[in-house]
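> please work out how this folds:
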Amino acid sequence: MSDHPFRQVDVFAAAPFAGNPLAVILDADGLDDALMARIANWTNLSETTFLLRPTTPEASYRVRIFTPGGELPFAGHPTLGTAFVWASLPGNTHDGMIVQECGVGLVRVKVEAGRYAFAAPPQRRSGALTPEERQTACDALGLTPDDILDAAWGDNGPPWQLLALRERRDVLAVTPNWSKMGDNLYGIVAPWQNERDETGAAFEIRAFVGQNQGFEDPVTGSLNAAMAQWMIGKAMAPETYLASQGTALGRSGRVSIRKEDDTIWVGGTVTPRIAGTLTL
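Predicted structure coming up:
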């Protein structure tokens, strides 16, 4: 048996216990792939990360990211949560910039006034969805082609298909048909229009994952990164805005977007919730 420090943090939350939880397993270099996968399946959170020594001097640490069903090369809320946990460990220092090594390469994480933001990684696939892909999305999400203003790929590790709808209420009204989802990942977005809340959210976002029998993710950094690259690139959104996600699940996730030069930074809060020991 071996013991490993364990942390669970709440990422992107605008209120206590209202974001996306993340489990972080420390000192994970001795764990094999199958054991990591079993642990992530057991925690049953949307993602569990394993903190490892980096393999390149440019990186502060290396991370492997697992869902209950398998490994991801990159994900947003695990990036922020893992960076926060690494920075909280004795002896770890930074100058306001942390560099994460993961499946997509090196990802920068900026720390300002206690808030964390990652640099959106390059997309591996972009461009408009085909008419056939749009129709498949409509069938899976209970939409008609007229409901969709625009649609594109935003693959930055997870292969998101991005759909823009007209109004926030249209986003909140979507009821997916999981039997028609396949393994697809869909992200939908619409502006708040004349609605506003105290946080200043401008867009409502939802994330639907067809894998593992299908589920809706509460707050999704990789999706918000892909959405920001797409919407800012097409002048559908300003270069700085706040997105709301998780409303339909009773969460109040808030994701800040800011474009600086050629980099889009995706940020939010990280709050520690559980500290303990995982015994293997």
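> outside of stretch 127-144, which residues touch it?
Outside stretch 127-144, the residues within contact range by C-beta atoms under 8 Å, 6 or more residues apart in numbering are 145, 147-148, 150-153, 161, 163, 165, 174-177, 180-182, 184, 186, 188, 208, 210. (Each C-beta comes from the backbone N, C-alpha and C, glycine too.)
> which among these count as buried?
When neighbours are counted using 16 or more other C-beta atoms under 10 Å, the contacts of stretch 127-144 contain these buried positions: 147-148, 150-153, 161, 163, 165, 174, 176, 180-181, 184, 186, 188, 208, 210.
> so which of those residues are in strands?
Asp150, Ala151, Ala152, Trp153, Gln161, Leu163, Tyr186, Ile188, Phe208 (DSSP state E).
> which one of those residues is nearest Ala243?
Proximity of those to Ala243, judged by C-beta to C-beta, is greatest for Ile188, which lies at 11.9 Å.
> tell me the bridge partners for the residue nearest to the closest one when sequence neighbours are not counted.
The shortest distance from Ile188 to any non-neighbouring residue, by C-beta to C-beta, 6 or more residues apart in numbering, is to Leu163 (4.7 Å). As for beta bridges, Leu163 partners with Ala151, Ile188 under DSSP bridges.
> I figured Leu163 hits Ile148, correct?
Yes - at 5.4 Å, Leu163 and Ile148 qualify as touching, with contact defined as C-beta atoms under 8 Å.
> so where's the chain uncertain?
Residue ranges of the chain with pLDDT under 70: none are present.
> that one: helices as residue ranges?
Chain-ordered helices for the chain, with DSSP state H as the definition, fall at 33-43, 76-88, 131-141, 168-173, 221-233.
> turn the ones you listed into TSV, columns for mean neighbour count.
Converted to TSV, the helices of the chain look like this (neighbours: other C-beta atoms under 10 Å):
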stretch	mean neighbour count
helix 33-43	16
helix 76-88	26
helix 131-141	16
helix 168-173	17
helix 221-233	26
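> with distance to Trp265 added, can I get these in CSV?
CSV is the format used below for the helices of the chain (distance: least, C-beta to C-beta, whole Å):
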stretch, distance to Trp265
helix 33-43, 27
helix 76-88, 11
helix 131-141, 28
helix 168-173, 24
helix 221-233, 9
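> of all those, which one is nearest Thr49?
Thr49 lies closest to helix 76-88 among the helices of the chain, at 4.7 Å (C-beta to C-beta).
> next, the angle from that closest one to helix 221-233.
When axes from the mean of the first three to the mean of the last three C-alpha atoms, to 10 degrees is applied, the directions of helix 76-88 and helix 221-233 differ by 110 degrees.
> returning to what we had before: which residues touch the residue nearest to Ile188?
Residues counted as contacts of Leu163 (C-beta under 8 Å, 6+ apart) are Ala137, Leu141, Leu143, Ile148, Asp150, Ala151, Tyr186, Gly187, Ile188, Val189.
> cool, and Leu22?
When contacts are counted by C-beta under 8 Å, 6+ apart, Leu22 is found next to Gln8, Val9, Asp10, Val11, Leu45, Glu47, Thr48, Thr49, His77, Pro78, Gly81, Thr82.
> what pairs with it across the strands?
Once the bridges are assigned, which here means DSSP bridges, Leu22 pairs with Val9.
> how close does Ala37 get to Met97?
31 Å (C-beta to C-beta, to the nearest Å).
> and if you look at Asn194?
As defined by C-beta to C-beta, Asn194 lies at a distance of 38 Å from Met97.
> between the two, which is the more surrounded one?
More neighbours sit around Met97 than around the other of Asn194 and Met97, counting by other C-beta atoms under 10 Å; the figures are 12 against 7.
> how about Gly187, what does it touch?
Listed by C-beta under 8 Å, 6+ apart, the contact set of Gly187 reads 154, 160-163, 205-208, 220, 223, 226-227.
> leaving out sequence neighbours, find the closest residue to it.
When the adjacent residues along the chain are set aside, Gly187 lies closest to Leu223, with 4.3 Å between them (C-beta to C-beta, 6+ apart).
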